[in-house]
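Chemist: mind looking at a prediction? Sequence and model below.
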Amino acid sequence: MVAPRLRTDELAPEPGPRKRGPRRTPARLTTPAEAATDIATLRTQLLATVAEHYPQADLTQIGNAFDLAVEAHTGQKRATGEDYVTHPIATAQALATRCRDLW
């Protein structure tokens, strides 16, 4: 004897707000002007760090990669409300600071 199959609507969760996982900090919504200022500051910091640790680096290419990342993640937000691109930028900053032995 074959067990009856459940319909997918029988397995659906109860209606209500969608849960997106643990939220570590409360959402902080920024204005577009604040977000643009933050991104510009992060760009300046990253280029300064790369120039300090890797004087031979082509900052034009790094700037182009930065701009591409910002463009690719435009409109995407983290659960905290900040622009998603801040995470890849922070990763690049960490690599520029800590991986100087690889060069």
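Modeler: That came in fine, so what should we check first?
Chemist: doesn't residue 42 fall inside a helix?
Modeler: Yes: counting by DSSP: H, G, I helix; E, B strand; the rest coil, residue 42 is found in a helix.
Chemist: any idea how far residue 99 is from it?
Modeler: Residue 42 sits at a distance of 18 Å from residue 99 (criterion: Cβ to Cβ, to the nearest Å). The way it works is simple: take the backbone N, C-alpha and C, and place the C-beta from them, glycine included.
Chemist: settle it for me: which of the two has more neighbours?
Modeler: A count of neighbours by other Cβ atoms under 10 Å puts residue 42 above the other of residue 42 and residue 99, at 19 against 11.
Chemist: so the more buried one touches residue 91, yeah?
Modeler: No: if you go by Cβ atoms under 8 Å, residue 42 and residue 91 don't touch, sitting 11.5 Å apart.
Chemist: phi first, then psi, for residue 83.
Modeler: Per-residue torsions, residue 83: phi -60, psi 140 (degrees, to the nearest 10).
Chemist: now the helices for the chain?
Modeler: Ranges of helices within the chain are 8-11, 32-53, 59-72, 86-98, based on DSSP state H.
Chemist: out of those, which is closest to residue 79?
Modeler: Residue 79 lies closest, by Cβ to Cβ, to one member of those: helix 86-98, at 11.4 Å.
Chemist: check which helices and strands the closest one sits against.
Modeler: helix 32-53, helix 59-72 (3 or more Cβ pairs under 8 Å, 6 or more residues apart in numbering; DSSP states H and E).
Chemist: and it, average pLDDT?
Modeler: Helix 86-98 shows an average pLDDT of 90 in the prediction.
Chemist: tell me how many other residues crowd the closest residue to residue 84 other than its chain neighbours.
Modeler: Residue nearest to residue 84 in three dimensions, not counting chain neighbours: residue 76, with 3.8 Å by Cβ to Cβ, 6 or more residues apart in numbering. As a burial measure, residue 76 scores 9 neighbours (other Cβ under 10 Å).
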